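Student: whatever this is, show me its structure:
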Amino acid sequence: MATSNEQEQSKAYILAGMFTLSLRLVVGWTYFSAFWRRLVLENKLLPDAPGYIGEKFNHFLPNSIGIRPVIEYLVSTPDLLWWAMVIFTLVEGIVGLLYMFGFFTRLMSIGVLSLATGILLGSGWLGTTCLDEWQIGILGVAAGFTIFLSGGGKFSVDYLVERKFSLQKNARWLVWLTSGELPVKVKRFAGISVLGTVAIFILTLYTNQEFHNGVWGPLHNKSVKPKIEISDARLENNSLSFDVYRVEGADVYGSFLIGISLKDADGNVILEKDGEELATFPVANIRNKYVARVAPGKHSLVIPLGSKATLTVDDPVLSGLSQGNYELVLTDISGITWTKEIVH
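Tutor: Residues are numbered from 1 along each chain as shown. Got it, this is the predicted structure:
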């Protein structure tokens, strides 16, 4: 027979699972709903359709930490990216659903913690009005760890299966994947809880500071104003070519480029393209590097967040330019300008 102490511990785990039930259901739905939105309510896994999830993933690239090389590799290889998005969506759906049901609860908690960490490191810098993605990511990490400690409790499939089949009596290791009392002494359990909590709190402060200067200021939000980096600008024969890389601004709103101009050292305008001309910019002169694509829009050249492309401007006025310094100026519809010096 179980001792009084063992009965108390078993009861404590059942109560802990009951206390965290709302957390399990809500967090589980946030992950399952991602699958539900992308495949049931709409199909966001079609590469050529508006709202393709691969483009959203591309938005993470500019300011992600730790996993940037992985993101860049995927958005540079569209076929592989599609498979990654399909697998990621299915994993979110399975993990979220089983997490809500409390089936293999602790294993699903590891899944939630892993998914949340990926979201945090990849997109924790995004959020136009508040720290949207950072909050989703860090709260998911905390929820995954909490439910791992508590298990599913009485209101879980794990509990029903264990009552019917008593699986854990013959395979004690199953408790690490399902629910119920962990074979760990209270003192050691307290140590695990504290160490995990401290690690997550440190991650919270680090990412909050790294992405937003949220621990000590000044505060910044990289999702508010568009920012474009210009590189590899050069003049050759009758053409001007340069790379544009959109690294900041709202992920749901492009940078609308309404002006490209080239000035000499004295400030004289050598070349100028306005919004209407950029709206008919030759697609053949745009070499996109990622799935988020720079493309002509209705009244401008649209540069989505995370997109990177080489633009080539052909014009007879560029032939026979004398040696010297020139300034390339890009103008956004908001009035923001970005400049790059060109030594010719």
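Student: just the mean pLDDT for stretch 92-112, thanks.
Tutor: Summarised as a single mean, pLDDT over stretch 92-112 is 97.
Student: actually, stretch 299-306.
Tutor: 96.
Student: shaky segments in the chain?
Tutor: By pLDDT under 70, the weakly predicted segments of the chain are 1-7, 168-170.
Student: can we see that at 50?
Tutor: Counting by pLDDT under 50, the chain contains low-confidence residues at 1.
Student: where do the strands sit along it?
Tutor: Remark: strands assigned in the chain by DSSP state E are 227-236, 239-248, 255-263, 269-274, 286-288, 295-296, 301-303, 308-314, 325-332, 337-343.
Student: return the set of buried residues in the helix ranked longest in the chain.
Tutor: If you go by DSSP state H, the chain has its longest helix at helix 186-212. Going by neighbour count (16 or more other C-beta atoms under 10 Å), the buried part of helix 186-212 is 196, 200, 203-204, 207-208, 210-212. For glycine as for every other residue, the C-beta is placed from the backbone atoms N, C-alpha and C.
Student: equivalent analysis for stretch 292-307, please.
Tutor: Counting neighbours by 16+ other C-beta under 10 Å, one finds that the buried residues in stretch 292-307 are 292-297, 300-307.
Student: and the end-to-end length of that stretch?
Tutor: From its first residue to its last, stretch 292-307 covers 5 Å (C-alpha to C-alpha, to the nearest Å).
Student: tell me how far it lies from the chain's centre.
Tutor: Here the centre of mass of C-alpha atoms in stretch 292-307, compared against the chain's by C-alpha atoms, centre = their mean, to the nearest Å, lies 20 Å away.
Student: and stretch 181-190, by the same measure?
Tutor: Relative to its parent chain, stretch 181-190 has a centroid offset of 35 Å by C-alpha atoms, centre = their mean.
Student: would you mind measuring from residue 137 to residue 124?
Tutor: When distance is defined by C-beta to C-beta, to the nearest Å, residue 137 is 5 Å away from residue 124.
Student: between the two, what contacts are shared?
Tutor: Common neighbours of residue 137 and residue 124, counting by C-beta atoms under 8 Å, 6 or more residues apart in numbering, are residue 207.
Student: would you quantify the distance from the residue sitting nearest the centre point of the chain to residue 63?
Tutor: Geometric centre of the chain, nearest residue: residue 123, 3.1 Å, by C-alpha atoms, centre = their mean. As for residue 123, its distance to residue 63 is 9 Å (criterion: C-beta to C-beta).
Student: ok, residue 216 next?
Tutor: Relative to residue 63, residue 216 is positioned 19 Å away (C-beta to C-beta).
Student: stretch 266-276: end-to-end distance?
Tutor: This stretch, stretch 266-276, spans 27 Å end to end (C-alpha to C-alpha).
Student: buried residues in that stretch?
Tutor: Within stretch 266-276, the residues scored as buried using 16+ other C-beta under 10 Å are 270-271, 273, 275.
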